[in-house]
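Asker: Sequence below, structure please.
(4 chains)
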Amino acid sequence: MTVSLQAEPIDVVAEYAALVGGAPGAAVATFTGYVRNHTGENPVGALELEHYPEMALRVLEELGQQAAERFGLLRWRIVHRFGVLPVSETIVWVGAMADHRGEAISACECMMDMLKTDAPFWKREQGPSGARWVASCESDGQRRARWERGERA
Amino acid sequence: MTVSLQAEPIDVVAEYAALVGGAPGAAVATFTGYVRNHTGENPVGALELEHYPEMALRVLEELGQQAAERFGLLRWRIVHRFGVLPVSETIVWVGAMADHRGEAISACECMMDMLKTDAPFWKREQGPSGARWVASCESDGQRRARWERGERA
Amino acid sequence: MSITIKLFASLREALGQSEFQLELGAIPVENEASSVINVASIKAALSARGSQWHDALNQPNLVHALNHKVVYLDAIVADGDELALFPPMTGG
Amino acid sequence: MSITIKLFASLREALGQSEFQLELGAIPVENEASSVINVASIKAALSARGSQWHDALNQPNLVHALNHKVVYLDAIVADGDELALFPPMTGG
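Answerer: Have a look, this model is predicted:
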């Protein structure tokens, strides 16, 4: 099992150690997303993350397996949180281990880009003027499309 | 000072914590390179890393500052080792913090690609049949050129 | 003969429920000859429940997932399926 | 009037030294009128020390760094400079 959905903060130290293990491959790349204290001009107090558990697990597993095949990964891991997340806390962590740096880094980027548009999570920002659903970002769709078209490797 | 040249193993946990600090930006990407136990068919027992200290510091500082400007980084850090490095030990660590994932991940990749061709380090592999200098890799030059030409962002 | 409908995020809020069973017997079939029910049939039947339902289900970019997989409107729906409807995803 | 020469990696090994001072007085200038000494002049002078030096310094892709910055053969060398010569870098 290389996907985790969890309410608890992500222990990036433990995740890294588990990914790398005793005999690391030559190249390990990681990405961590944190809750920002603002969106544009608007202050944000916390983020609510709603998710569709069964589908999220399935999508993230598929994403990881596809990235593993495409980039020849030795290991990979995706961790995503749900629930109410205070500012500065972790939201998502992805890690990839490969024989070469290009593969490890591209796999992290690809997993993040696919996850943004394909994994069933929805963000709602809590701020001084109430809560509002975060709109999906057009640039996320464009970033995803680059992988589909093979423009990025 | 956001560059370190050191003989000691890289403490990736401490480096990550120092990069992120108390108030993380939204996006943190890292890359770690480890000593492989083989190169192609040839077993490797350890890696010797020779370096030109004054120039290495200067080049890595410039690399980091250029990446920080180009990708709008909030923070960055490059750590590179020298000396005799056993198999499975760390060689290099880069970290980048930004407001968006694309910038953080691209900055890590760019710093690594530039570092490979521009920073004065030379690897010698120790194996059962003696030691041999590692030849520079044509693909490293090609990866570097993509950033120069603005093909990758 | 029923399916499970799941609603998420702004759609769940707008319609005031997150999950319910839908009897397929009352759904008009898309093609009388083959008596096939697809996602479009389900959406049409739910939209007929009132303007709130109509507006919520006909917003642009609504996503349909059948048994945890994103599908188009022509995907065929069968007894026991789980059909989820939601706005574009914003995780990560 | 002298500069510091530094050699690294396979070049250091081939020539058996890592650092030495080079008197500029004995180096033929590239341009008699301006008495300019450049990296090419230094390389030519060192290459004249024998076949080992000639072969090592004329390998393809040799890199020249003047005061910690990579330069071309036409870079002008002045008193007190540090000129490093080495094969392509292979760090990271």
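Asker: Pull the contacting residues for the residue in chain A sticking out farthest from the centre.
Answerer: Using C-alpha atoms, centre = their mean, the residue of chain A lying farthest from its centre is residue A:129. It sits 28.0 Å away. Going by C-beta atoms under 8 Å, 6 or more residues apart in numbering or on different chains, residue A:129 touches residue A:42. No exception for glycine: its C-beta is placed from N, CA and C like everyone else's.
Asker: Next, find the distance separating it from residue A:44.
Answerer: Residue A:129 sits 11 Å away from residue A:44, going by C-beta to C-beta, to the nearest Å.
Asker: try residue A:153
Answerer: 35 Å.
Asker: Compare neighbour counts for these two and give me the winner.
Answerer: Between residue A:153 and residue A:44, residue A:44 has the larger neighbour count (other C-beta atoms under 10 Å in any protein chain shown), namely 19 against 11.
Asker: Does anything pack onto whichever strand or helix holds residue A:144? Which helices or strands?
Answerer: Residue A:144 belongs to helix A:138-148 when assigned by DSSP states H and E. Judged by 3 or more C-beta pairs under 8 Å, 6 or more residues apart in numbering or on different chains; DSSP states H and E, the packing partners of helix A:138-148 are helix A:101-118.
Asker: right, is the helix or strand that the helix it packs on is followed by up against chain C?
Answerer: On the C-terminal side of helix A:101-118, the closest following helix or strand by DSSP H and E is strand A:121-127. Yes. Strand A:121-127 comes into contact with chain C (C-beta under 8 Å from any C-beta of the partner chain), by way of A:121, A:122, A:123, A:124.
Asker: out of the residues you listed, who's nearest chain B?
Answerer: Comparing the residues of strand A:121-127 next to chain C against chain B with C-beta to the nearest C-beta places residue A:123 closest, at 12.1 Å.
Asker: Mind listing the residues bridging to the closest one?
Answerer: Per DSSP bridges, the residues bridged to residue A:123 are residue A:49.
Asker: Next one: it relative to residue A:116, how far apart?
Answerer: Going from residue A:123 to residue A:116 by C-beta to C-beta gives 11 Å.
Asker: Tell me the residues that contact both of those two, please.
Answerer: C:90, C:91.
Asker: Any regions of the chain where pLDDT drops low?
Answerer: Defaulting to chain A. A:1 (pLDDT under 70).
Asker: try chain C instead
Answerer: For chain C, the ranges with pLDDT under 70 are C:30-34.
Asker: Up against chain B, what does it have?
Answerer: residue C:92.
Asker: Going along the chain, name the helices of chain A.
Answerer: Per DSSP state H, chain A carries helices over the ranges A:12-20, A:53-71, A:101-118, A:138-148.
Asker: what sits against residue 54?
Answerer: Picking chain A for this. residue C:68.
Asker: that answer is for a different chain, and I need it for chain C
Answerer: For residue C:54, counting by C-beta under 8 Å, 6+ apart, the contacting residues are C:47, C:48.
Asker: Could you pull up phi and psi at it?
Answerer: Dihedral pair for residue C:54: phi -60, psi -50, per degrees, to the nearest 10.
Asker: any idea how far it is from residue C:14?
Answerer: Per C-beta to C-beta, residue C:54 is found 11 Å from residue C:14.
Asker: again, but for residue C:63
Answerer: 15 Å.
Asker: again with residue A:137
Answerer: 21 Å.
Asker: Could you do residue C:23 as well?
Answerer: Relative to residue C:14, and taking C-beta to C-beta, residue C:23 is found at 23 Å.
Asker: just residue A:15 next, same as before
Answerer: 36 Å.
Asker: who has more neighbours, these two?
Answerer: Higher neighbour count among residue A:15 and residue C:14: residue A:15, with 20 against 15, using other C-beta under 10 Å.
Asker: where's the more buried one relative to chain D, distance?
Answerer: Counting by C-beta to the nearest C-beta, to the nearest Å, the gap from residue A:15 to chain D is 24 Å.
Asker: List the contacts of that residue.
Answerer: Contact partners of residue A:15, counting by C-beta under 8 Å, 6+ apart, are A:77, A:79, A:93, A:95.
Asker: Dump these into TSV; add distance to chain B and neighbour count as well.
Answerer: Below are the contacts of residue A:15 laid out as TSV (distance: C-beta to the nearest C-beta, whole Å; neighbours: other C-beta atoms under 10 Å in any protein chain shown):
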residue	distance to chain B	neighbour count
A:77	14	20
A:79	14	22
A:93	10	23
A:95	9	27
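Asker: Pick out the residue in chain A sitting closest to chain D.
Answerer: Here chain A gets closest to chain D at one residue, residue A:101, 7.6 Å apart by C-beta to the nearest C-beta.
Asker: Share the number of residues neighbouring that residue, please.
Answerer: Counted with other C-beta under 10 Å, residue A:101 comes out at 25.
Asker: How about residue A:138?
Answerer: Residue A:138 has 8 nearby residues by other C-beta under 10 Å.
Asker: Tell me the spacing between it and residue A:116.
Answerer: Distance, residue A:138 to residue A:116, by C-beta to C-beta: 12 Å.
Asker: do residue A:146 as well
Answerer: In terms of C-beta to C-beta, residue A:146 sits 13 Å off from residue A:116.
Asker: go on, residue C:45?
Answerer: According to C-beta to C-beta, residue C:45 and residue A:116 sit 32 Å apart.
Asker: which of these two has more neighbours?
Answerer: Comparing residue C:45 with residue A:116 by other C-beta under 10 Å, the one with more neighbours is residue A:116, at 23 against 17.
Asker: my guess is residue A:114 contacts residue A:65, does it?
Answerer: No. Between residue A:114 and residue A:65 there is no contact under C-beta atoms under 8 Å: 11.5 Å.
Asker: More neighbours: these two, which one.
Answerer: Higher neighbour count among residue A:114 and residue A:65: residue A:114, with 23 against 14, using other C-beta under 10 Å.
Asker: ok now do the more buried one, which residues does it touch?
Answerer: If a contact means C-beta under 8 Å, 6+ apart, then residue A:114 has A:63, A:66, A:67, A:144, A:147 as its contacts.
Asker: Generate a markdown table for the residues you listed, with neighbour count as supplementary columns.
Answerer: Formatted as a markdown table, the contacts of residue A:114 follow (neighbours: other C-beta atoms under 10 Å in any protein chain shown):
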| residue | neighbour count |
| --- | --- |
| A:63 | 22 |
| A:66 | 15 |
| A:67 | 26 |
| A:144 | 18 |
| A:147 | 19 |
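Asker: ok, of these, which one's closest to residue C:9?
Answerer: Nearest to residue C:9 among the contacts of residue A:114: residue A:144, at 19.3 Å, using C-beta to C-beta.
Asker: and the closest one, how far is that from residue A:30?
Answerer: 20 Å.
Asker: Next, give phi and psi for residue C:73.
Answerer: Main-chain torsions, residue C:73, degrees, to the nearest 10: phi -70, psi -20.
Asker: Can you get me a residue count around the closest residue in space to it that isn't next to it in sequence?
Answerer: Nearest non-adjacent residue to residue C:73, counting by C-beta to C-beta, 6 or more residues apart in numbering or on different chains: residue C:40, 4.2 Å away. Look at residue C:40: counted by other C-beta under 10 Å, it has 15 neighbours.
Asker: Residue numbers of chain A in contact with chain C?
Answerer: Counting by C-beta under 8 Å from any C-beta, the positions of chain A adjacent to chain C are A:33, A:49-52, A:54-56, A:58-59, A:80, A:91-92, A:112, A:115-124, A:133-137.
Asker: at 7 Å what do you get?
Answerer: Within reach of chain C by C-beta under 7 Å from any C-beta of the partner chain, chain A has these residues: A:33, A:50, A:52, A:54-55, A:58, A:80, A:92, A:112, A:115-123, A:133-134, A:136.
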